[in-house]
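# Okay, here's the prediction I keep looking at, along with the sequence it came from:
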Protein chains: 2
Amino acid sequence: MSATLKDVAEKLNISVSTVSRVVNNKSYVNPRTREKVLKALGELSYSPNQVARSLKNKSTNTVGIVVPDISEDFFSHVIKGIDYILSHNGYSIILCDTGEKTEKEELYLNLLIEKQIDGLILATVSKKHLLVQNIIDKGLPVIFIDNLPKLKNSYDSVIIDNTKASHMAVEHLIKLGHRCIGIITGKQDETTGYDRLLGYKKALQENNIKIDESLITIGDFKEKSGYDSMKVLLDKNRSITAVYVASSKMTYGAIKAITERGFRIPEDIALVGFDIHDPSGLITPSITTIIQPEENIGKAAAELMLKKLNENGEKFNQKIVLEPNILIRDSCGANKHKR
Amino acid sequence: MSATLKDVAEKLNISVSTVSRVVNNKSYVNPRTREKVLKALGELSYSPNQVARSLKNKSTNTVGIVVPDISEDFFSHVIKGIDYILSHNGYSIILCDTGEKTEKEELYLNLLIEKQIDGLILATVSKKHLLVQNIIDKGLPVIFIDNLPKLKNSYDSVIIDNTKASHMAVEHLIKLGHRCIGIITGKQDETTGYDRLLGYKKALQENNIKIDESLITIGDFKEKSGYDSMKVLLDKNRSITAVYVASSKMTYGAIKAITERGFRIPEDIALVGFDIHDPSGLITPSITTIIQPEENIGKAAAELMLKKLNENGEKFNQKIVLEPNILIRDSCGANKHKR
DNA sequence: GTGAAAGCGCTAACAC
DNA sequence: GTGTTAGCGCTTTCAC
């Protein structure tokens, strides 16, 4: 076992409070005793017990992070950004991967509460917000990322402008001459899915293109739904010349469907994807895509968290909206296409 | 604030110990009082304070995970595996991303000690093992993954058979008729880099191919070093027909170098990469690659950790070695190639 | 079957 | 400037 304040105090025949004072650099301590203590601290290689501190201080310097899938590029990068900021400010993170399961999310939230986290950053997949509402009501700082819940009051969040993201993607296709543009978005009870459809519609309307419901498909952000939706689009609407797919995995699925049906990208179908990273630079054709500033989302969330943690008790209810980017690569070609 | 045992006890005019007993289901409690307590627990929505428990029990049910870069596919998948197993066993994880910095690694290790973690899973980048040696000597369960340190005694680890991985890769190239095969491996003071070179040499020797030092290059697992090393290989050795690259990022770099020099894969240079995932299936040419069973590495590490945690005090010093896989795709062609 | 009491390691009034 | 004390919320002997 490692040494405690008491051990050090006994060794020097002084009181624990004095030792505590030098450890924490609080209030004056006689320089001479201070020296002695410092020396003893080193000799016994004292290391403060944060659990005891936490119990006393009612603060663990820990924030919980709950995400659906840590192996997704998006989340791993967000987490990297969070950890970068929080670790520089004396906080550590307890990471929880829900595997996109609502029940697991609940288990984790309860566990985190028991562990007395100081704050929570949450990418929720749940539709029932009772628990998280309780947590917020209790006064624990909570910041939502990625997907936003429907709660009775406003709350803190860091997201990208999903409407704008879609708008950018669809604008791009329209500028290239496409008018019959399909979309594969996410479920409409998730803000990400909803907003991404909204931006699509807005872009079309602004360009006086009639919205054709047969060009709209709803997936679940997973690969198979992208594949299935794309097949539906190709079958239902023979004049489709372009498609915008609102998640990375669905994009992969959609591309497989397009290829299987014997169409070429971008010659037959132009495509804008989402969150397509391609670190190898070898994806062919390279995919024009919306990119979220993941690490910055993480950093912004962490900074907002620090603010909430410090200006204790204040309710900010900030909604930080970062700008998405569009990365123009080859999957839309450069010119007007007709199929 | 949430209710404490004391709150519940006072409400019922009984002692905290009784309440504690029903919460923990320990020793007999009169069924009638038990009922009453259960009811009160619910009414006050009691939630145990794990910090207090931890202080008392000297166990936090938390394991620290320290990795160089959480946004790397390899680590994010390993972590997913770890969390999957540990969360099912009542443990949570504190995640630390060192950004491949030795100093940051040390900071984190000290922090984790202060937070009184019950165990540590570590992918170290450090060459100085003083601190981690101390941690092990203290009796804290430590498991190494990915890269292994040189310590005075044996220790627990979960890795893949890196020698075998290289052997498989090079065998594959030899079978295809290549005899002049380059390698880009990692630093020789890291076990990963060393073992991967070892397997390369073994495969050549077994096939009576003389080892040519000009075909061996050492990178640092990052993209640029793969790029630079490949250029060196192509320049130094005009008869090279194949290359094996021992990390994902270096593979990307190497491919860029090959392309820039105007060579084709696999026609001019056959290539076997490492950890190339390609969820899109769109990388062209698709890369034949060694694949590590990441989630299983994580799961194995977590299970070993649980074992150490439970059979308290025992020293296992197990070295769990998982099998790598080779995924045959297109980057080696199918036949004998000469340049 | 239940309660009283000590103590985990620390901090922070409050004395002196 | 330093020591004494109480207490954070919990578990666990030890009595009764």
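Sure, I can see it.
# Can you report how many residues lie near the closest residue to chain B within chain A?
Proximity of chain A to chain B (C-beta to the nearest C-beta) peaks at A:T284, 3.8 Å away. The way it works is simple: take the backbone N, C-alpha and C, and place the C-beta from them, glycine included. Using other C-beta atoms under 10 Å in any protein chain shown, A:T284 has 14 neighbouring residues.
# where does it sit relative to DNA strand C, distance-wise?
58 Å (C-beta to the nearest atom of the strand, to the nearest Å).
# same deal with A:H88?
21 Å.
# Tell me the secondary structure at A:S280.
coil (DSSP: H, G, I helix; E, B strand; the rest coil).
# re the thing from before, so what pLDDT did the residue of chain A closest to chain B get?
pLDDT, A:T284: 86.
# which non-adjacent residue is nearest it?
B:T284 (3.8 Å; C-beta to C-beta, 6 or more residues apart in numbering or on different chains).
# Alongside DNA strand D, which residues does chain A contribute?
Contacts of chain A with DNA strand D, taken as C-beta under 7 Å from any atom of the strand, map to A:13-18, A:21, A:27-30, A:32-34, A:52, A:55-56, A:58.
# Contacting DNA strand C as well, which ones from those?
Okay, of those touching DNA strand C (C-beta under 7 Å from any atom of the strand), that's A:16-17, A:52, A:55-56.
# do you know how far whatever residue of the stretch 51-200 of chain A ends up closest to DNA strand C is from B:Q116?
Residue nearest to DNA strand C within the stretch 51-200 of chain A (C-beta to the nearest atom of the strand): A:A52, separated by 3.3 Å. A:A52 sits 9 Å away from B:Q116, taking C-beta to C-beta, to the nearest Å as the criterion.
# helix or strand for the residue lying closest to A:K187 once chain neighbours are set aside, which one?
In this structure, A:K187 finds its nearest non-sequential neighbour in A:G193, 4.7 Å apart by C-beta to C-beta, 6+ apart. Assessed by DSSP states H and E, A:G193 sits inside helix A:191-206.
# just the CA coordinates of that helix, formatted as CSV?
Coordinates of the C-alpha atoms in helix A:191-206 are reproduced here as CSV (Å, rounded to 0.1, in the frame of the first residue of the first chain):
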residue,chain,number,x,y,z
THR,A,191,-32.4,14.9,-34.9
THR,A,192,-29.5,13.9,-37.1
GLY,A,193,-31.8,12.1,-39.5
TYR,A,194,-34.5,14.8,-39.4
ASP,A,195,-32.2,17.7,-39.9
ARG,A,196,-30.3,16.1,-42.7
LEU,A,197,-33.6,15.5,-44.5
LEU,A,198,-34.6,19.1,-43.8
GLY,A,199,-31.5,20.5,-45.4
TYR,A,200,-32.1,18.4,-48.5
LYS,A,201,-35.6,19.7,-48.8
LYS,A,202,-34.5,23.3,-48.3
ALA,A,203,-31.8,23.1,-51.0
LEU,A,204,-34.3,21.7,-53.5
GLN,A,205,-36.9,24.3,-52.7
GLU,A,206,-34.5,27.1,-53.0
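# avg pLDDT for that helix?
So the average pLDDT for helix A:191-206 ends up being 97.
# Check which helices and strands it is in contact with.
Judged by 3 or more C-beta pairs under 8 Å, 6 or more residues apart in numbering or on different chains; DSSP states H and E, helix A:191-206 is in contact with helix A:162-175, strand A:181-185, strand A:216-218.
# if you compare the ones you listed, which one is most tucked away?
Neighbour counts (mean count of other C-beta atoms under 10 Å in any protein chain shown) averaged over each of the helices and strands packed on helix A:191-206 peak at strand A:181-185, with a mean of 27.
# and that strand, is it in reach of chain B?
No. Strand A:181-185 lies out of reach of chain B by C-beta under 8 Å from any C-beta of the partner chain, never closer than 15.2 Å.
# Strands along chain A, start to end?
For chain A, strands defined by DSSP state E occupy the ranges A:62-67, A:92-97, A:119-122, A:142-145, A:156-160, A:181-185, A:216-218, A:242-245, A:270-274, A:288-291, A:319-322, A:325-327.
# do you know which of those lies nearest B:I160?
Evaluated over the strands of chain A, closeness to B:I160 peaks at strand A:92-97, with 22.2 Å, by C-beta to C-beta.
# what's in contact with the closest one?
Under the contact criterion C-beta atoms under 8 Å, 6 or more residues apart in numbering or on different chains, strand A:92-97 has outside partners A:61-70, A:79, A:82-83, A:86, A:108, A:111-112, A:115, A:117, B:62, B:65, B:79-80, B:83-84, B:87, B:92-96, B:111-112, B:115.
# got the residues of the stretch 151-300 of chain A near chain B?
Checking the stretch 151-300 of chain A against chain B by C-beta under 8 Å from any C-beta, the hits are A:223, A:248-249, A:251-252, A:255-256, A:276, A:278-284, A:287.
# Can you name the two of those residues that sit furthest apart?
A:E223 and A:G281 (21.7 Å).
# If you count surrounding residues, which of those two has more?
A:E223 (21 against 14).
# residue contacts, that one?
With contact taken as C-beta under 8 Å, 6+ apart, A:E223 is in contact with A:249-250, A:252-253, B:279.
# Tell me how many other residues crowd A:L140.
19.
# That one and A:D118, how far apart?
8 Å.
# Counting neighbours, what do you get for the residue nearest to A:L306 when sequence neighbours are not counted?
In this structure, A:L306 finds its nearest non-sequential neighbour in A:N89, 5.6 Å apart by C-beta to C-beta, 6+ apart. By the other C-beta under 10 Å criterion, the neighbourhood of A:N89 contains 13 residues.
# how close does A:N89 sit to A:A302?
Going from A:N89 to A:A302 by C-beta to C-beta gives 8 Å.
# and the contacts of strand A:92-97, which are buried?
Neighbour counting with 16 or more other C-beta atoms under 10 Å in any protein chain shown marks A:61-70, A:79, A:82-83, A:86, A:108, A:111-112, A:115, A:117, B:62, B:65, B:79-80, B:83-84, B:87, B:92-96, B:111-112, B:115 as buried within these.
# Might one say that the residue nearest to A:K187 is in contact with A:G199?
No. Counting by C-beta atoms under 8 Å, A:G193 stays clear of A:G199, with 11.4 Å between them.
# Compare these two and say which is more crowded by neighbours.
Ranked by neighbour count (other C-beta under 10 Å), A:G193 and A:G199 place A:G199 first, with 26 against 21.
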